[in-house]
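In: task: produce atomic coordinates for the following.
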Amino acid sequence: MEKDINKELSSMFVIFGGTGDLTKRKLIPAIFSLMYENKLPENFTIVSIGRREKTNEQYREEMYEFAIKFCRFPLNDKLWRTFSKRIFYKNFDFTSDKEGYKDLDSFLINVETEYLTGGRRLYYLAVAPEFFEGIIRNLKNNNMVCMATGWQRIMVEKPFGSSLKTARILNHNISKLIPEEDIFRIDHYLGKEMIQNILAIRFGNSLFEPLWNANYIDNIQITSNELLGVENRGAYYEKAGILKDMLQNHLLQMLTMIAMEPPVDFDPESIRDEKVKVLRSLRPFTEESVKEDIVRGQYGEGIVNGIKAVGYRQEDRVSRESNTDTFIALKTYIDNFRWGGVPIYIRAGKRMDTKSTEIVIQFKKLAGINYYKEFNEIGHNLLVLKIQPEEGFFFQINAKKPGNDFKMEKVELDYCQSCKYVNDSPEAYERLLLEAIRNNSSLFTRWDELEHSWKFIESIEKGYESDISNYPNYAAGTPGPEEAINLIKKDGRQWWNTAPYKEI
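Out: As a prediction, the model looks like this:
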């Protein structure tokens with residue numbers, strides 16, 4: 001394969017949190033995959049920072065075991081040896097040892113001198129959010145960012161703040177240390193192949209974009225269902241819940257991609273400008289609309305894939321009286337000219353009956369068909385963008401059923417991208433790391449996007465009742481609370497499910 005490399009890609013990955021799950025399961029496998037596909041130059045290098053005592057060789061062997069499990073390509077031992085020689089481990093307590101940053105900088109300078117990376121550093125903060133500001137401040141105080149040579153960029157994981165207030169404080173403090181254009185806030189959903197494909201489908205087909213408005217679209221549905229529970233993230237989930245873990249970032253980002261106006265061009269700032277307009281147009285909730293248009297839930301014991309699953313309150317590091325939401329379904333609106341009056345239905349939950357993330361565009365039926373009795377049972381035209389686990393899209397239209405009688409049937413046009421391109425679809429972190437090196441910020445969240453998404457979330461929280469007396473209100477392995485079905489059913493509509501698409 002021809003190499004897609006230029007001088008700017010000759011850089012150093014500096015990972016804070018080098019012994020954490022994110023590094024083991026996502027980052028190292030992603031960087032190896034980029035090398036496998038010749039997307040990185042020969043003189044890239046990785047420096048992982050952790051508080052545990054390890055030698056370079058011990059760390060490399062540990063990463064090898066995880067790469068075998070989580071890399072999308074089969075591990076070639078020869079290629080891994082070449083790759084692993086570029087991995088270095090630095091034992092350093094970055095949370096408390098301020099003087100240690102000088103030693104770290106000397107270490108980085110020695111490595112980048114050997115590998116000729118020219119001061120081009122991508123700092124990845126794979127650590128808890130409370131450490132973001134301290135790390136960035138120490139990097140700044142030791143002249144390890146905003147350097148005269150090369151470039152230095154910082155990637156931070158979600159969550160960025162825990163509320164509008166804390167997000168504003170964090171952003172204010174970080175912005176005093178480094179410019180906005182050097183901050184890459186990650187929402188890994190933006191790195192998924194089919195999220196990127198939304199723009200191609202919308203603006204690359206004359207069939208869709210002219211119809212992409214309130215005149216022709218009846219409603220939009222965004223669903224993200226998971227089979228898994230909170231696993232070992234009980235402590236985090238008690239603070240975040242489904243509202244901040246999924247809605248504030250992943251789901252709202254998907255909505256902006258679907259609903260935004262055509263950008264002036266495909267430069268990063270042009271795309272992000274249009275996404276911000278969508279978030280600004282989202283109708284905030286009131287205390288009354290929270291009661292009417294939001295359904296909350298928490299899973300109890302149940303059966304998932306034939307295996308008994310504990311309830312949320314029995315999970316590790318979760319309160320036995322917890323009222324944290326693990327499910328949400330809501331109806332909202334985008335108050336602008338394009339989408340005025342089109343309901344947006346969003347739902348997400350853990351320990352559901354299926355694993356599925358998708359976006360459903362339901363088109364309106366033509367008014368004139370009411371005059372044809374043969375069209376009484378006509379189906380809805382649907383465009384379904386399948387994000388995961390299967391990637392692709394599904395378009396449902398109507399046609400005459402073969403035979404002497406004039407009867408209609410649904411015709412399914414189904415494209416499975418992940419079936420056609422097995423192992424060719426990059427993992428989200430591969431794309432995000434590569435685009436951060438390329439300085440393409442369109443896949444990352446700008447501060448004003450975050451601010452407006454937090455405002456929307458805050459409008460929901462203000463309307464929440466403090467006491468949830470009926471938790472748990474859905475069993476693990478089920479479609480969620482019954483009230484979620486009624487939320488959309490009372491509007492004369494229905495949720496659509498994947499494979500095959502059917503009414504609930």
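In: any weak-confidence spans in this protein?
Out: 1-9, 368, 370-371, 373-374, 376, 418, 420-426, 465-469, 498-504 (pLDDT under 70).
In: got the domain ranges for it?
Out: Per automatic domain parsing, the domain ranges recorded for the chain read 7-157, 190-489.
In: ranges for the strands of the stretch 201-350 of the chain?
Out: Using DSSP state E, counting those that start in this stretch, the strands of the stretch 201-350 of the chain run over residues 217-225, 294-297, 299-300, 302-304, 307-309, 327-332, 344-349.
In: I meant the stretch 1-150 of the chain, not that one.
Out: Under DSSP E, counting those that start in this stretch, the stretch 1-150 of the chain gives strands at 12-16, 45-50, 87-91, 121-125.
In: sheet-wise, list the partners of the last one with their directions.
Out: According to DSSP bridges, strand 121-125 forms sheet pairs with strand 12-16 (parallel), strand 152-156 (parallel).
In: the stretch 51-200 of the chain: helices as residue ranges?
Out: Ranges of helices within the stretch 51-200 of the chain are 56-70, 77-84, 100-115, 132-141, 164-175, 193-203, based on DSSP state H, counting those that start in this stretch.
In: what's around R438, how many residues?
Out: Applying other C-beta atoms under 10 Å, we find 12 residues neighbouring R438. The way it works is simple: take the backbone N, C-alpha and C, and place the C-beta from them, glycine included.
In: and the strands of the stretch 1-150 of the chain as TSV, adding distance to G306?
Out: Shown next, in TSV, are the strands of the stretch 1-150 of the chain (distance: least, C-beta to C-beta, whole Å):
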stretch	distance to G306
strand 12-16	38
strand 45-50	39
strand 87-91	40
strand 121-125	39
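In: what's the most buried one of these?
Out: strand 12-16 (a mean of 25; mean count of other C-beta atoms under 10 Å).
In: ok, residues contacting it?
Out: The contact list for strand 12-16, computed with C-beta atoms under 8 Å, 6 or more residues apart in numbering, reads 23, 27, 31, 44-49, 94, 108, 111-112, 115, 117, 120-127, 131, 135, 433.
In: residues touching N143, list them.
Out: Counting by C-beta under 8 Å, 6+ apart, N143 has contacts D105.
In: go with 10 Å
Out: Y101, K102, D105 (C-beta atoms under 10 Å, 6 or more residues apart in numbering).
In: what's the answer for Q298, then?
Out: For Q298, the contact set (C-beta under 10 Å, 6+ apart) comprises 241-242, 311-313, 322-327, 349-351, 468, 470-474, 481.
In: picking that back up, of the contacts of N143 - the most surrounded one?
Out: Y101 (20 neighbours).
In: ok, I109 to R121 distance?
Out: According to C-beta to C-beta, to the nearest Å, I109 and R121 sit 10 Å apart.
In: ignore what I typed, I meant A475.
Out: For A475, the distance to R121 - C-beta to C-beta - is 49 Å.
In: cool, and T256?
Out: T256 is 30 Å from R121, by C-beta to C-beta.
In: what's the neighbour count on E288?
Out: Around E288 there are 9 residues (other C-beta under 10 Å).
In: still on that earlier bit, out of the domains of the chain, nearest to A167?
Out: Nearest to A167 among those is domain 190-489; the distance by C-beta to C-beta comes to 5.3 Å.
In: report the buried residues of stretch 451-469.
Out: E451, H452, S453, W454, F456, I457, E458, S459, I460, G463, Y464, I468 (16 or more other C-beta atoms under 10 Å).
In: for the fifth one, which non-adjacent residue is closest in space?
Out: It refers to F456. L282 (5.1 Å; C-beta to C-beta, 6 or more residues apart in numbering).
In: looking at the strands of the stretch 201-350 of the chain, which is nearest to C416?
Out: strand 217-225 (18.2 Å).
In: can you give me the angle that closest one makes with strand 344-349?
Out: Counting by axes from the mean of the first three to the mean of the last three C-alpha atoms, to 10 degrees, strand 217-225 lies at 10 degrees to strand 344-349.
In: what lines up beside strand 217-225 in the sheet?
Out: Applying DSSP bridges to the sheet, strand 217-225 is found paired with strand 344-349 (parallel), strand 356-363 (antiparallel).
In: let me know which of the ones you listed is tucked in deepest.
Out: strand 344-349 (a mean of 24).
In: and the angle from that one to strand 327-332?
Out: Using the same axes, to 10 degrees: strand 344-349 against strand 327-332 is 170 degrees.
In: starting at the chain centroid, how far to strand 344-349?
Out: 15 Å (C-alpha atoms, centre = their mean, to the nearest Å).
In: how about stretch 168-186: buried residues?
Out: So for stretch 168-186, counting by 16+ other C-beta under 10 Å, buried means L170, N171, I174, L177, I178, D182, I183, F184, R185, I186.
In: how many neighbours does Q196 have?
Out: 15.
In: if I look at it, how far off is V156?
Out: Taken as C-beta to C-beta, the span from Q196 to V156 is 21 Å.
In: name the nearest residue to H380, sequence neighbours excluded.
Out: Q362 (5.4 Å).
In: next one: N305
Out: N305's closest residue in space is L227 (C-beta to C-beta, 6+ apart), at 6.7 Å.
In: is it true that the one you found touches I303?
Out: No: counting by C-beta atoms under 10 Å, L227 does not reach I303; the two are 11.3 Å apart.
In: who has more neighbours out of those two?
Out: L227 (16 against 13).
In: excluding chain neighbours, what is closest to the most centrally placed residue in the chain?
Out: The C-alpha lying nearest the average C-alpha coordinate of the chain belongs to Y189 (C-alpha atoms, centre = their mean; 2.4 Å). Once flanking residues are discounted, Y189 sits nearest to H250: 4.3 Å by C-beta to C-beta, 6+ apart.
In: quick one: the one you found and K239, what's the gap?
Out: 17 Å.
In: same question, K291
Out: Taking C-beta to C-beta, one finds K291 at 24 Å from K239.
In: between the strands of the stretch 1-150 of the chain, which one is closest to L139.
Out: Closest of the strands of the stretch 1-150 of the chain to L139 is strand 121-125, at 6.8 Å (criterion: C-beta to C-beta).
In: how about the closest one as PDB, C-alpha atoms only?
Out: Output of strand 121-125 as PDB, limited to C-alpha atoms (Å, rounded to 0.1, in the frame of the first residue of the first chain):
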ATOM      1  CA  ARG A 121       4.300  16.200  20.300                       C
ATOM      2  CA  LEU A 122       0.800  14.900  20.700                       C
ATOM      3  CA  TYR A 123       0.000  14.700  24.500                       C
ATOM      4  CA  TYR A 124      -2.800  12.300  25.200                       C
ATOM      5  CA  LEU A 125      -4.400  12.700  28.600                       C
END
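In: can you check what angle separates it from helix 100-115?
Out: Using the same axes, to 10 degrees: strand 121-125 against helix 100-115 is 140 degrees.
In: what's the neighbour count on Q152?
Out: 21.
In: hmm, back to that, so the residue nearest to F456 makes contact with I334?
Out: Yes: look at L282 against I334 with C-beta under 10 Å: they come within range, at 6.0 Å.
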